[in-house]
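S.K.: just need the structure, nothing else, for what follows:
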Amino acid sequence: MIVGTAGHIDHGKSALVRALTGVNTDRLIEEKRRGLSIELGYAYMPYSIDNTISFIDVPGHEKFIKTMLAGIGGIDFALLVVAADDGIMPQTHEHFNILKLLGISKGSIVITKTDKVNTTKINKIHEEIKALTFKSFLKNSYIFNVNSLKENDKGIFSLRKFLIENAKNPSEKNMNKFFRLAVDRSFTLIGKGTIVTGTVYSGQINIKNNKNIDLNLMPNGKKLRVRSIHSENKKSDIVHVGQRCALNLIDIEKTEVSRGNWIADPQCFLPSANIDVEFHLLSSAKLFLHDRTLLHIHLGAGHHMARVIPLINNSVKPGEITKVQLVFDSPVCSMPGDYFIARNAQANSTIGGGRVLDSNASIRKRRSYERLEWLNSIKIFLDGMGLESLMKNSVFGIKKIFLERLLGYSYCNDCFQSENILCIDTFLENQKVFILSSHWNSLCNQALEALTEFHNKYPDEPGLNSAQFRQIIRLDGLWKILLKTLLADGYVSQNGPWIYKSTHNSSLNNEELNLAKECLSLIINNKNPSWVRYIATKLCKNEDYIRKFFKKLMRQGDIIQILPDLFYHKTQIISLAKLMFSLCLKYGNVTPAIFRDSIHIGRKHTIQILEFFNKIGYTRRLNNVHLIKDQTIFQIYDENKKQNFQK
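M.R.: Numbering: from 1, shown residues only. The predicted structure follows:
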């Protein structure tokens, strides 16, 4: 358990920690000279062979609130300290507000310096404290009267016993979550190298059997190796959430790590300059938050500057709890559910704080109804009411990576045992998407409706190409899977790049079947590209008649149109596409000359084929070379792969 102190300057926080642990947390010469805490102080109180309570002692002076905020974020238990001779003071109010805004749920109140006042004064302070903490997490908490300088003080003894009892019954914590540590200090030791210290916010690491644990320094993403761990004032192989520790890192300089960095599992963070949050502007705040108001944001152990963009109204009034987007100067690391503190632009007053909802917020349509409903769903989940609302509001599904960051661990499949939820593999960097089966069916129906509308509007066209299909259904990584589903179920057919409803096929009579055989034979056996005029001349038919007849053959899936009057047999195009793919594998990219020499036709026809591949999205042009963009366009048609999703 990690215990943090809070309270006004000179109210005896450091003396209290020293009385409980025997450790003087004022380690700096300047602190000892001035008798005042400047930096964070750390102490440990073992209560059994294997168990220790960690203490973080914070400075109380208003000028050091920034330092206080770097250490208080990861605590499990708060001690609000009030001096009997001073009573409640300005930083008492500010520190107490910070504890509430950080979502801390357990704590006690300690009245120090009780030897300096009489019983009447102490009773009066008790009443003031009860009024202050009414309707807060400290409402029914114990109040301890102590004299930290007195040896064997009864109040200190009772407080120590109370803390040990709480440490023996900790709040339930999931050790399987992603490991992340908020760095609050870095230094070097001779013979050891770089040491970083901090509070473990989630998860655990064990270096006993695995020295090559996958950890990154965030936000820069540098990979780290851990030589050893020092946890709770002793060497250890394991460290977990609810502990403070020091990590001895390999191959990294002290200057590369600073307060506010994270040491985390690579899956924890995707740094972002835009974060959507639930923001609570304190009633005591003496300002309104308008669009682009500049604030100091304290998140984890870090301190950042950000501008506020209200998402519901044009401004945020004192006392209001609402949703805003924080826009930072550079990307920061956060996870849904993380708490933060906001101070005004002058950094002389704590004005509010809140909780992260979406740590990778979009700047597009950020105020839309759909977006706000999505944020409401995240809030509902963070409040402990499950994922049902989030799934309902995710028409296009939820990416597995987002769910992992929301849940804090990588076993999302365990959360979905319902037959109503599909897990779809998009083949984009092994990214999966979870979606309600009702939403999936609706997307399939929308795709079929879009194809029907296209066929009604352009009855002679063979269908939509892959790029058009993707644009119409707006599914990004899911469109290929949806297409495979429709192909497998027989609702849709595909001829090379052309996608069309299966009912769009036109039947041929006996005379047309014979004509089709003749046309296809001419196209296949023609060494040059087959123009409508060439086929019409060979068969002594009218050009317009052949042109219309070729539209039927396109719908049948026998031929593919390159230009308005230029057609290839489907097998020819597939062969050319496979040749293009093999050339790209061999050379990395393909120039028109390389492709021309490989297919043995003129440059003009070579360019026509290359431009066709670019048009349908099979390749893309970069200067004077062509690269494969989406090889599945022809693989889907040629191999007709099974739909790839599972419940």
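S.K.: now the longest strand belonging to the chain: mean pLDDT?
M.R.: Longest strand in the chain by number of residues (criterion: DSSP state E): strand 321-332. On average, the pLDDT along strand 321-332 is 95.
S.K.: dump that strand to CSV, restricted to CA.
M.R.: The C-alpha trace of strand 321-332 is given here as CSV (Å, rounded to 0.1, in the frame of the first residue of the first chain):
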residue,chain,number,x,y,z
ILE,A,321,-18.9,18.7,-14.9
THR,A,322,-18.7,18.3,-18.7
LYS,A,323,-16.7,16.8,-21.6
VAL,A,324,-13.9,18.7,-23.2
GLN,A,325,-11.0,17.9,-25.5
LEU,A,326,-7.5,18.7,-24.2
VAL,A,327,-5.1,19.7,-27.0
PHE,A,328,-1.4,19.5,-26.1
ASP,A,329,1.6,21.0,-27.7
SER,A,330,3.2,17.5,-28.1
PRO,A,331,1.9,13.9,-27.7
VAL,A,332,1.4,12.7,-24.2
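S.K.: mind giving me the packing neighbours of it?
M.R.: If contacts are counted by 3 or more Cβ pairs under 8 Å, 6 or more residues apart in numbering; DSSP states H and E, strand 321-332 sits against strand 272-281, strand 293-299, strand 302-310. Every residue, glycine included, has its C-beta placed from N, CA and C.
S.K.: okay if I get those strands as JSON lines plus mean neighbour count, mean pLDDT and distance to residue 586?
M.R.: What follows is the helices and strands packed on strand 321-332, written out as JSON lines (neighbours: other Cβ atoms under 10 Å; pLDDT from 0 to 100; distance: least, Cβ to Cβ, whole Å):
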{"stretch": "strand 272-281", "mean neighbour count": "23", "mean pLDDT": "96", "distance to residue 586": "39"}
{"stretch": "strand 293-299", "mean neighbour count": "22", "mean pLDDT": "95", "distance to residue 586": "50"}
{"stretch": "strand 302-310", "mean neighbour count": "20", "mean pLDDT": "95", "distance to residue 586": "49"}
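S.K.: flag every buried residue along stretch 460-470.
M.R.: For stretch 460-470, burial by neighbour count (16 or more other Cβ atoms under 10 Å) applies to 461, 462, 463, 464, 465, 466, 467, 468, 469, 470.
S.K.: mind checking which of the residues you listed land in helices?
M.R.: Among those, the members falling in helices are 466, 467, 468, 469, 470 (criterion: DSSP state H).
S.K.: and which of these is nearest residue 184?
M.R.: residue 470 (47.0 Å; Cβ to Cβ).
S.K.: isn't that closest one right up against residue 479?
M.R.: Yes. Here residue 470 reaches residue 479: they are 4.6 Å apart, a contact under Cβ atoms under 8 Å.
S.K.: go through the ones in helices among the buried residues of stretch 460-470 and name the one nearest residue 117.
M.R.: Residue 117 lies nearest to residue 470 out of these, by Cβ to Cβ, at 74.9 Å.
S.K.: and that closest one, what pLDDT?
M.R.: For residue 470, pLDDT reads 77.
S.K.: distance of it relative to residue 450?
M.R.: 11 Å (Cβ to Cβ, to the nearest Å).
S.K.: got it, and residue 125?
M.R.: Taking Cβ to Cβ, one finds residue 125 at 71 Å from residue 450.
S.K.: which one of those two is surrounded by more residues?
M.R.: Under the criterion of other Cβ atoms under 10 Å, the comparison of residue 125 against residue 450 puts residue 125 first, with 23 against 16.
S.K.: so that one sits in a helix?
M.R.: Yes. Under DSSP: H, G, I helix; E, B strand; the rest coil, residue 125 falls within a helix.
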